[in-house]
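> please work out how this folds:
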Amino acid sequence: MTSSSATVHPIRTRPHPFDKDYKYLSIEIPESSPHVTIVRLNRPKKINAICAAMWREIGHAFGRLGCGEPGDDSRCLLLTGSGRGFCAGIDVQDLSFVTGGDEECEDPARKGLALIPKVRQMQACFTALETCPIPVVAAMHGVCVGAGIDLACCADIRICAAKTIFSVREVQMGLAADVGTLQRLPKIVGNSSWVSEVCLTGRNFKAAEALRMGFVSSASLDSQTSLVESAVKLCHTMASHSPVAVVGTKKALLFARDHTVTDSLEQIISYNAMALQSDDLPKSVQAALEKQEATFQSLLRHSRL
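Sure thing, here's the model as predicted:
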């Protein structure tokens, strides 16, 4: 565990084998929950403002965790922040975000076309949380603004400490949010008027409002320590279930979000035609009858070209 987080979180952890691969992320495994992995944004002096290098690290880490790479047996991921807050948004001092292509070119069309791949890459780095095969829980404290909201919207579950402050800040910075908030937040909360209000004004909203509107599912914890402890327990519960069932449930929920009921019913038929033949089903039933926690085989490493 890094020194920056050791003074904040008393949960005993060990470094994940991937931890050494990242500069701006801390990746740890709770000793009490070996199938849970904590991914901590780790720029505490900047309140975890995301620079370009950190942005790439987020996409890279969530693109490999939960995919069965050697040394990784993650079945649920917890995303949180080190220090005083979850994420202060994009690091506005990193000018590489707004540059693209040959800066000497004066043609706005050519400069715009050169910038498109960068924005698409930025979107993909955050979407990696959504396409990660296993559940991702975002546990937020302090502040969560701008890009922090974009990132949280990609998680499957969002919880926060009671004093967390949120803001879709981009309009105040002179731009429209372009990496996911405007596309995902309306579907998360189901209230277009409220979404338009917070996105068009850039105003702050507190944890109680985030809970009331459905952006988070829990906002009753008083401290960062208790927040992370509760989040690890939540992740442990999901990680204790059949990984075949958990992966299938996440796939079905994401598919249903963007498709009709009819199409979604067909999708789950296709998945369960395979999944219901797993040994995990009778193991789960037996464990439930005996009121015990079942042990499941890990999923295989993802096949790649």
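
> quick one: average confidence on the longest helix seen in the chain?
The residue-count maximum for a helix in the chain (DSSP state H) belongs to helix 108-131. Per-residue pLDDT values over helix 108-131 give a mean of 94.

> do you have the strands of this structure handy? List them.
Counting by DSSP state E, the chain has these strands, from start to end: 13-15, 25-30, 36-41, 76-81, 136-140, 143-145, 157-161, 165-167, 204-206, 218-221.

> distance from the chain centre to the first one, please.
To tie it back to what came earlier, the one meant is strand 13-15. Relative to its chain's centre, strand 13-15 lies at 20 Å (C-alpha atoms, centre = their mean, to the nearest Å).

> same deal with the last one?
The chain centroid and the centroid of strand 218-221 are separated by 18 Å, computed with C-alpha atoms, centre = their mean.

> so what strands line up beside it?
The partner list of strand 218-221 in its sheet, established with DSSP bridges, is strand 157-161 (parallel).

> need the contact list for the residue nearest to residue 171 when sequence neighbours are not counted.
Setting aside the residues directly before and after it, residue 171 is nearest to residue 202 in space (C-beta to C-beta, 6 or more residues apart in numbering), at 4.6 Å. All C-beta atoms are positioned from the backbone trio N, CA, C, and that covers glycine. When contacts are counted by C-beta atoms under 8 Å, 6 or more residues apart in numbering, residue 202 touches 167-172.

> just these now: which is nearest residue 280?
Nearest to residue 280 among those, counting by C-beta to C-beta, is residue 168 at 40.0 Å.

> now do the same for that closest one: its pLDDT.
In this model, residue 168 carries a pLDDT of 97.

> nearest residue to it other than its sequence neighbours?
Skipping the residues right next to it in sequence, residue 168 comes nearest to residue 199 by C-beta to C-beta, 6+ apart, at 4.8 Å.

> return the residues in contact with the closest residue to residue 88 other than its chain neighbours.
Counting by C-beta to C-beta, 6+ apart, residue 47 is the residue found nearest to residue 88 once chain neighbours are left out, at 3.8 Å. Listed by C-beta under 8 Å, 6+ apart, the contact partners of residue 47 are 81, 83-85, 87-88, 142-143.

> likewise for residue 188?
Shown in contact with residue 188 (C-beta under 8 Å, 6+ apart): 153, 214-215.

> can you tell me which of those residues are buried?
Neighbour-count burial (16 or more other C-beta atoms under 10 Å) applied to the contacts of residue 188 gives 153, 215.

> next step: the contacts of residue 188 restricted to helices.
Secondary structure of the contacts of residue 188 is defined by DSSP H; positions in helices are residue 153.

> returning to what we had before: so what's the residue count around the residue nearest to residue 168?
Neighbourhood size, residue 199 [other C-beta atoms under 10 Å]: 21.

> sketch out the low-pLDDT regions of the stretch 51-200 of the chain for me.
Flagging of the stretch 51-200 of the chain using pLDDT under 70 yields the residue ranges 98-102.

> quick one on the thing from earlier: which of the contacts of residue 202 are buried?
Burial by neighbour count, 16+ other C-beta under 10 Å: within those this picks out 167-170.
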